[in-house]
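A.B. asks: Got a predicted structure plus its sequence, pasted below:
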Amino acid sequence: QVQVVESGGGSVQAGGSLRLSCIVSPDSYNPKCMGWFRQAPGKKREAVAAAYPGGDDTYIARSVYGRFTISQDNAKSTMYLQMNNLKAEDTAMYYCAAGCTAAGGYKFWGQGTQVTVSS
């Protein structure tokens, strides 16, 4: 059973930083892609960043480009989202997802970690 667990969310003031972590288990599962999404109340889910363990490609959404960075550890089973210069509009539940589907979606999702930015 593949599990995806996020951590690192919290409350910060605008301009602050947070680092989200995503651990995928078991170690034997090596997803070919992993991503971060967020959803604010009343808004659609938004893709924030993605990484592809098979290579070095990454994706960062335009809305967070220059402020957020995605990275992975050497084992490729943990993914991070470094969020700097946070803004009130970054407030949302952040979800980690792993394992691409043929339709372009993700197979496995975490429960989410809340990020709240106060202005």
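C.D. replies: Okay, I see it. Numbers count the residues shown, from 1 in each chain.

A.B. asks: Could you pull up the mean pLDDT of stretch 96-104?
C.D. replies: The pLDDT scores in stretch 96-104 average 89.

A.B. asks: Sorry, slip of the keys, the one I care about is stretch 45-58.
C.D. replies: 86.

A.B. asks: Number the chain from 43, please
C.D. replies: With 43 as the first residue, the last one maps to stretch 87-100.

A.B. asks: Run through who's touching it.
C.D. replies: Here stretch 87-100 makes contact (Cβ atoms under 8 Å, 6 or more residues apart in numbering) with 72-81, 101-103, 105-106, 110, 112-114, 118, 121, 123, 134, 136-137. Backbone N, C-alpha and C define where each C-beta goes, glycine included.

A.B. asks: So for residue 85, what's the nearest residue that isn't a sequence neighbour?
C.D. replies: residue 134 (7.7 Å; Cβ to Cβ, 6 or more residues apart in numbering).

A.B. asks: Could I get the contacting residues of the one you found?
C.D. replies: 80, 81, 82, 85, 88, 156, 157.

A.B. asks: Restricted to strands, list the contacts of stretch 87-100.
C.D. replies: 76-81, 101-102, 110, 112-114, 121, 123, 134, 136-137 (DSSP state E).

A.B. asks: beta partners of the residue nearest the centre of the chain?
C.D. replies: Residue closest to the average C-alpha location in the chain (Cα atoms, centre = their mean): residue 78, at 2.6 Å. Here residue 78 sits in beta bridges with residue 91, residue 138, going by DSSP bridges.

A.B. asks: In contact with it: list those residues for me.
C.D. replies: Counted by Cβ under 8 Å, 6+ apart, residue 78 has contacts 62, 64, 89-92, 112, 121, 123, 136-139.

A.B. asks: Out of the ones in strands among the contacts of stretch 87-100, which end up buried?
C.D. replies: Using 16 or more other Cβ atoms under 10 Å as the burial test, the ones in strands among the contacts of stretch 87-100 include 76-80, 102, 110, 112, 114, 121, 123, 134, 136-137 as buried.

A.B. asks: that older thread, for PyMOL, what selects the buried ones among the contacts of residue 134?
C.D. replies: Burial among these is assessed by 16+ other Cβ under 10 Å; the matching PyMOL selection reads:
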select buried, resi 80+157
